[in-house]
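1. After the sequence you'll find the predicted model.
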Amino acid sequence: MINYMKSEWYRIIHSKEIYTFTGTAGGMAFLLNLIHFIANRKIEGFRYGTISFSFSFLVSGMHIILAAGAILAMFLFSGERKNGIMRNTVACGISREKIFLGKTIVCSAVAFLSMFVILTVYLGSACLLLDGPIQPALKETLTGVSAVLLCAVASVILELLFLVLFEKDVAAMLGWAAVMAVIPKILLIAGLKIEICARIASWMPWNYLSSEVSASLSGGYQCLWDTTEGFMKCVISGAAGILIFLAAGLIFGRRQEV
Amino acid sequence: MDAIVVKTQNLTKCYGTLSALNQVTISVGRGEIYGLVGNNGAGKTTLLKLLAGQIFPSGGEISLFGAHESKKMEKQRGRMGAMIEQPGFYPQLSVEKNMEYYRLLKGIPGRRIVEDVLKTVGMWEYRQKKGKTLSLGMKQRLGLAIALIGEPELLILDEPINGLDPSGIIEMRNLLLKLNREKNITILISSHILSELEQLAAVYGFLDCGRLLEQVSAASLREKCGSFLEISVSDTERYTALLEKRFSEKDYLVLPDGLIHILKPKRETERYSRLAAENGIAILSLHTRKKSLEEYYMNLKGGSRND
């Protein structure tokens, strides 16, 4: 498995996908802050050019980290079946389980590094260009990112699982969206009538990141991860997601023909 | 060291109700070049994919280097190189980077091997080219280079000469023969270009509609491919009736274009021409020919054979 991970690492750092993804996402984050900076200078009484407002985008939309992880996984691994790479890897005597585990580890590590760069650009450019106090917005944002980190890893694994199951990238992405966003919403609606559905829905990241986090223009944040209980909810649901999707990948991938 | 490198026993692969491979039993000895002969859909690729672990059998057994269990076979697959269907590589990476990827994957120390293998297949000068910009023939060579990295003991090649130009075909043939002779690499190769296989293989496995029709060594095949008589006459139907009635010939074949192949002639050639002349049938052509691998395969398949 180590050899497989080494080869994938080599391949990823020598391909343009990771740089394109990180560059585009980092560039957009920088652009957002730059626009606010220019607006601050040009428009009198412009109220949105603050660090707090900039960070509120991420705090109230932590889903984007989950989605970004899945998109990056698709970017990095989508062509391997079409290009016959999986066939060669299997023919080299590497088991499908090891391939899936190796892919999970490498992709998560790469996604983490990419997120680190994007966040550095986003948070750094906001602190340098925009007005207002850095705290508590920065602390709130960083705590939020660390709270959803395991959920993001689970999201990456889920996308990799669907890439194993489906040959088409679109099908894999739709599968991801169904499990990550659509099913939680359905459970939430069903929860209005059925108690158990409501309880399950409340543990699903897509739901609690929508309903239990709010960030206002004035810089007031009310976030799930402010309390130990809330933070642990994020961590536990993320860890559960990792275990479930990893197990599903190992079980379904084991007999997958390539 | 095992004398038999690959062995299958009643190997079967079904897709729903369709049987892609039906109870195929073959054995490939160490150092042999084994040619899989068959039309499209005969089951060649299915058999090779089963051996490479890319698909799973519906029934029967596989043994690789003496290992039967799936986990042990997985380990043994590290001793083989394969190119099945199209060559597998990353189109956006250069030839050299693709090779480096597979070097790391196989855990081979030292980058020198990449250069050596690329030089062996004649791709060293194209090492900076991206995979997607390669011609079909170059892609085949890269696929072979990937299969060769790590000095495999067994090479599994599915239609490796597809897309090669005539000189490429000769180079590929010579390379495979060299690898077999000098490094004693066992090669399991499939092709529907039978004239090419004829110049390589020491053992043949003839497949048709997922069934193994025959496994035969090149030496016995040469014996079996003895001379036959090819006759073209003005009235094929009447002449074949005469053949059966007068000469008790049963072992003949009528081809769609009316040519008659008498597979094991029992009489001298002139007796066959006299038979036609005496009965007012014109002889359009009459030759003694040697059966090619293609013809042997067609005979084996049945065609419009009389018996």
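-> Good, I have the coordinates. Computed from a predicted structure; not experimentally measured.
2. quick one, phi/psi of the single nearest residue of the stretch 1-150 of chain A relative to chain B?
-> The minimum distance from the stretch 1-150 of chain A to chain B, using Cβ to the nearest Cβ, falls at A:G84 (2.8 Å). To be clear about C-beta, it is placed using only N, CA and C from the backbone, and glycine gets the same treatment. A:G84 has phi and psi values of phi 80, psi 10 when expressed as degrees, to the nearest 10.
3. wouldn't it be in contact with B:G88 here?
-> Yes: if you go by Cβ atoms under 8 Å, A:G84 and B:G88 touch, sitting 2.8 Å apart.
4. Of those two, give the one with the bigger neighbour count.
-> B:G88 (27 against 23; other Cβ atoms under 10 Å in any protein chain shown).
5. list the buried ones in stretch B:64-80?
-> Buried residues in stretch B:64-80, counted by 16 or more other Cβ atoms under 10 Å in any protein chain shown: B:L64, B:F65, B:A67, B:M73, B:E74, B:Q76, B:R77, B:G78, B:R79, B:M80.
6. With adjacent residues omitted, what lies nearest to the last one?
-> In this case it means B:M80. Nearest residue to B:M80, sequence neighbours excluded (Cβ to Cβ, 6 or more residues apart in numbering or on different chains): B:L154, at 4.0 Å.
7. Tally up the residues packed near the one you found, please.
-> By other Cβ under 10 Å, the residues close to B:L154 number 22.
8. residue contacts, it?
-> Shown in contact with B:L154 (Cβ atoms under 8 Å, 6 or more residues apart in numbering or on different chains): B:V5, B:V6, B:V28, B:L64, B:F65, B:R79, B:M80, B:G81, B:I185, B:T186, B:I187, B:L188.
9. let's see 6 Å
-> By Cβ atoms under 6 Å, 6 or more residues apart in numbering or on different chains, B:L154 lies in contact with B:V5, B:M80, B:T186.
10. Show me which of these is closest to chain A.
-> Ranked by distance to chain A (Cβ to the nearest Cβ), those are led by B:M80 at 7.2 Å.
11. where does the closest one fall, phi/psi-wise?
-> Torsion angles, degrees, to the nearest 10, at B:M80: phi -120, psi 160.
12. And the pLDDT for the residue of the stretch 1-150 of chain A closest to chain B?
-> Looking at A:G84, its pLDDT stands at 86.
13. likewise B:P57?
-> For B:P57, the pLDDT comes out at 94.
14. Got the phi and psi for it?
-> Per-residue torsions, B:P57: phi -70, psi 150 (degrees, to the nearest 10).
15. cool, B:H192 as well?
-> Torsion angles at B:H192 (phi, psi; degrees, to the nearest 10) stand at phi -100, psi 0.
16. burial count for B:L293?
-> As a burial measure, B:L293 scores 21 neighbours (other Cβ under 10 Å).
17. So it is in contact with B:E198, correct?
-> Yes: with contacts counted by Cβ atoms under 6 Å, B:L293 reaches B:E198, the gap being 4.6 Å.
18. Assign a three-state SS to B:T8, would you?
-> Under DSSP: H, G, I helix; E, B strand; the rest coil, the three-state class of B:T8 is strand.
19. before we move on, what about the one 5 residues further on?
-> Going by three-state DSSP, the secondary structure assigned to B:K13 is strand.
20. Show me what stretch B:17-27 is in contact with.
-> With contact meaning Cβ under 6 Å, 6+ apart, stretch B:17-27 is reached by B:4, B:7-13, B:43, B:46-47, B:205, B:210-212, B:215.
21. switch the cut-off to 7 Å
-> B:4, B:6-14, B:43, B:46-47, B:60, B:205, B:210-212, B:215 (Cβ atoms under 7 Å, 6 or more residues apart in numbering or on different chains).
22. Among these, the buried ones, what's the ChimeraX command?
-> Paste this into ChimeraX to select the buried members of those, with burial taken from 16+ other Cβ under 10 Å:
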select /B:6,7,8,11,12,13,43,46,47,60,205,210,212,215
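23. beta partners for the nearest residue to B:S58 once chain neighbours are set aside?
-> Distance criterion Cβ to Cβ, 6+ apart; nearest residue to B:S58, sequence neighbours excluded, is B:C14 at 4.4 Å. On the basis of DSSP bridges, B:C14 takes part in beta bridges with B:S19.
24. Go ahead and confirm B:C14 touches B:G59.
-> No: assessed by Cβ atoms under 7 Å, B:C14 is found out of contact with B:G59, at 8.0 Å.
25. what does stretch A:127-143 rub up against?
-> Contacts to stretch A:127-143, defined as Cβ under 7 Å, 6+ apart, come from residues A:33-34, A:36-37, A:40, A:49-52, A:54-55, A:58-59, A:123, A:219, A:221, A:223, A:225.
26. could you redo the last one with a cut-off of 10 Å?
-> Residues external to stretch A:127-143 that are found in contact with it (Cβ atoms under 10 Å, 6 or more residues apart in numbering or on different chains): A:30, A:33-38, A:40, A:46, A:48-59, A:62, A:119, A:122-123, A:126, A:213, A:215, A:219-223, A:225-226, A:231, A:234.
27. neighbours around the residue of the stretch 151-258 of chain A at minimum distance from chain B, how many?
-> Distances between the stretch 151-258 of chain A and chain B by Cβ to the nearest Cβ are smallest at A:E257, namely 4.4 Å. Neighbours of A:E257 under the rule other Cβ under 10 Å: 14.
28. Please tell me I have it right and it contacts A:L165.
-> No: A:E257 lies out of contact with A:L165 (Cβ atoms under 10 Å); the separation is 11.7 Å.
29. Distance of the nearest residue to B:R271 once chain neighbours are set aside relative to B:P265?
-> Excluding its sequence neighbours, the residue lying closest to B:R271 (Cβ to Cβ, 6+ apart) is B:F247, at 7.7 Å. Using Cβ to Cβ, to the nearest Å, B:F247 is found at 9 Å from B:P265.
30. sorry, back to before: now do the same contact list for the residue nearest to B:R271.
-> Here B:F247 is in contact with B:I262, B:P265, B:K266, B:R267, B:R271, B:Y272, B:L275 (Cβ under 10 Å, 6+ apart).
31. same check, this time on A:M28
-> Applying Cβ under 10 Å, 6+ apart to A:M28 gives the contacts A:I118, A:V121, A:Y122.
32. who touches stretch A:220-235?
-> Identification of contacts with stretch A:220-235 by Cβ under 10 Å, 6+ apart yields A:52, A:55-56, A:59-60, A:62, A:136-137, A:139-141, A:143-151, A:202-203, A:205, A:208-209, A:211-216.
33. I figured A:H36 was touching A:T50, is that so?
-> Yes: A:H36 is within contact range of A:T50, at 8.0 Å (criterion: Cβ under 10 Å).
34. Quickly list what's touching both of those two.
-> Counting by Cβ under 10 Å, 6+ apart, the residues touching both A:H36 and A:T50 are A:A126, A:L130, A:D131.
35. Could you check the pLDDT of the residue nearest to B:M80?
-> pLDDT for B:L154: 95.
36. Over to A:G253?
-> 87.
37. Same question for it, what's its three-state structure.
-> Here A:G253 is recorded as helix under three-state DSSP.
38. The longest helix anywhere in chain B: what's the following helix or strand?
-> In chain B, taking DSSP state H as the definition, the longest helix is helix B:166-183. Next helix or strand after helix B:166-183 toward the C-terminus (DSSP states H and E): strand B:186-191.
39. quick one: B:V5 is in a strand?
-> Yes: under three-state DSSP, B:V5 sits within a strand.
40. beta partners for the closest residue to it other than its chain neighbours?
-> Counting by Cβ to Cβ, 6+ apart, B:V5 lies nearest to B:T186, which is 4.7 Å off, once chain neighbours are set aside. Per DSSP bridges, the residues bridged to B:T186 are B:L154.
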